[in-house]
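Trainee: Predicted model and sequence follow; I will ask about them next.
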Protein chains: 2
Amino acid sequence: MAETGKLVQDETEAAGISLGALTSTAGLMLRIAQLTSFDNFFALYPDGAIRISEFTVLMAVSENPGIRQGVLADILKVKWSNMTMLVRTLEDQGLIARHVPRSDRRAVVLTVTEEGKRQIAASRDMIDRLDREALSMLTDDEHAQLIALTRKIAGWPEKGGL
Amino acid sequence: MAETGKLVQDETEAAGISLGALTSTAGLMLRIAQLTSFDNFFALYPDGAIRISEFTVLMAVSENPGIRQGVLADILKVKWSNMTMLVRTLEDQGLIARHVPRSDRRAVVLTVTEEGKRQIAASRDMIDRLDREALSMLTDDEHAQLIALTRKIAGWPEKGGL
DNA sequence: TGGAAATAGTTTATTTTTAAACAGTTCAGT
DNA sequence: ACTGAACTGTTTAAAAATAAACTATTTCCA
C-alpha cells in the first residue's frame, strides 16, 4: 500500500515537528489550507453526485445567463482549454446550452437548461453543507472572516458585480 | 493566441458579473485565492532561482533535522511519490543529505548540507518579500488574520510543534 | 477595401500530478 | 522462530492540467 490516508484532521503522528517561519508564508499556508479543505470535502462527498467543478460552472452560469465561456474561465481561474471540456460535458448532460451570438460568431454564450436548474436545486443545499463541514474547525466568525479575506484576494468587492 | 494573461489583480474586463452564493463557498474561494496568490507570486519570481517547492522542503528540513521524508510529505500535503522526486533533486544539487537509520532501514531521514544552509540564507528574505507582495491587497492585519486562519485549518497550534 | 493584428474558442502535444503496483523491512501474534 | 499484516519508500502506469499550435472570426487603420 502507498499513502496512509487518514482523512479529516490528521494529528500527524510525529509530534514535536515545527514548521517555524514557514507558517508565516501565506502562499504555502493558503495552499495547505486549500488542500486540507478539499480533502475533507471529498471525504464527505457522495459518489455519483455531480462533479464540484461542474456544479460551480452551473451555478455561475445560472447567476449570469448569457456569459461567454472565456470570461467565466478567467473568473473561476480555469484554463480556457479546460473550460471547453467542462462545458461540453455539461452540454452532453443537458444541463447547459451553448449559443453562438449573431453579433460575434467567435463567441459562445451559456445558459442553464431546465434540467440544469433542477440539478442545482437538487444538490445546492448538500454542497453548501459539506463545504461548511469541511471547515468545521473554524467558528462561524472565523469562517466569515475567511470568506471576506479570500474575496478581497480574488479582487471581488463585498457586494454587487465584479 | 490563447489565454489573455494579465497578471496581478485583473479587473476582469466584463463588469456586472456576480458569482452570487458561490462567493460564500469557502472551498471555491480558498482555491481562487490560492491561485491568485501563486499567479502574483510567480509573476514576481526571478528566473533561475531555487524552485519554491524545493525551498519549502529545504526550510522544513532545516527546522526539523532528521525528519523522515514521508512525515514531511504528509505535513506539506505532497504525495510520497512527488516527495521522492523532490528530495532526489535536492540531493543531486547537494542541498540536502539522505540517510537510512540503523534503527529502521525502511526509513530515509533528511538533513540540510552546508551548501543547503547557504542557499536558504541567500534566498530566504527575497522569498518572504515576494510572498507578502503577492498579497499586497491585504493590510498587515488582514495578512496576519489569514495566517492565523490557515494555520487553524491546517490543524497547527499557534506555537510549538504540531 | 484589404490585410495585419487581435480575439474567442478548440485541438493537439507536453508536462505534471495522481494513483497503483512493487520491493524491502518491521511488527504482531502465535 | 514463522507467517501474515502493516509500514516506508520507490517505480510504473494512468489521468489530469498546462502550454502551444491552430481555425475562425472580428477589429483596426492605412
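Mentor: On my side now, so go ahead.
Trainee: leaving aside the residues next to it on the chain, what's closest to residue A:89?
Mentor: Take residue A:89 and drop its neighbours on the chain: the residue closest to it by C-beta to C-beta, 6 or more residues apart in numbering or on different chains is residue A:54, 6.6 Å away. Every residue, glycine included, has its C-beta placed from N, CA and C.
Trainee: Just to be sure, that neighbour is in a helix?
Mentor: Yes - using DSSP: H, G, I helix; E, B strand; the rest coil, the assignment for residue A:54 is a helix.
Trainee: so what's it up against?
Mentor: A:86, A:89, A:90, A:93, A:95 (C-beta atoms under 8 Å, 6 or more residues apart in numbering or on different chains).
Trainee: Closest to residue A:80 out of the residues you listed?
Mentor: residue A:86 (10.4 Å; C-beta to C-beta).
Trainee: Got the phi and psi for the closest one?
Mentor: Reported as degrees, to the nearest 10, the phi and psi values for residue A:86 are phi -60, psi -50.
Trainee: circling back to that earlier point, want to throw the contacts of residue A:54 into JSON lines with pLDDT and distance to DNA strand D?
Mentor: Listed next are those as JSON lines, based on pLDDT from 0 to 100; distance: C-beta to the nearest atom of the strand, whole Å:
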{"residue": "A:86", "pLDDT": "97", "distance to DNA strand D": "9"}
{"residue": "A:89", "pLDDT": "96", "distance to DNA strand D": "11"}
{"residue": "A:90", "pLDDT": "97", "distance to DNA strand D": "14"}
{"residue": "A:93", "pLDDT": "96", "distance to DNA strand D": "16"}
{"residue": "A:95", "pLDDT": "97", "distance to DNA strand D": "18"}
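Trainee: Name the member of these with the most neighbours.
Mentor: Highest neighbour count within the contacts of residue A:54: residue A:90, with 26 neighbours (other C-beta atoms under 10 Å in any protein chain shown).
Trainee: what's near enough to touch it?
Mentor: Contacts of residue A:90 (C-beta under 8 Å, 6+ apart): A:54, A:57, A:58, A:96, A:116.
Trainee: The longest helix anywhere in chain A near chain B at all?
Mentor: In chain A, with assignment by DSSP state H, the single longest helix is helix A:114-134. Yes - if you take C-beta under 8 Å from any C-beta of the partner chain as the test, helix A:114-134 does meet chain B, through A:124, A:127, A:128, A:131, A:132, A:134.
Trainee: Ok, stretch A:22-41 next?
Mentor: Yes - Stretch A:22-41 reaches chain B (C-beta under 8 Å from any C-beta) through A:22-38, A:41.
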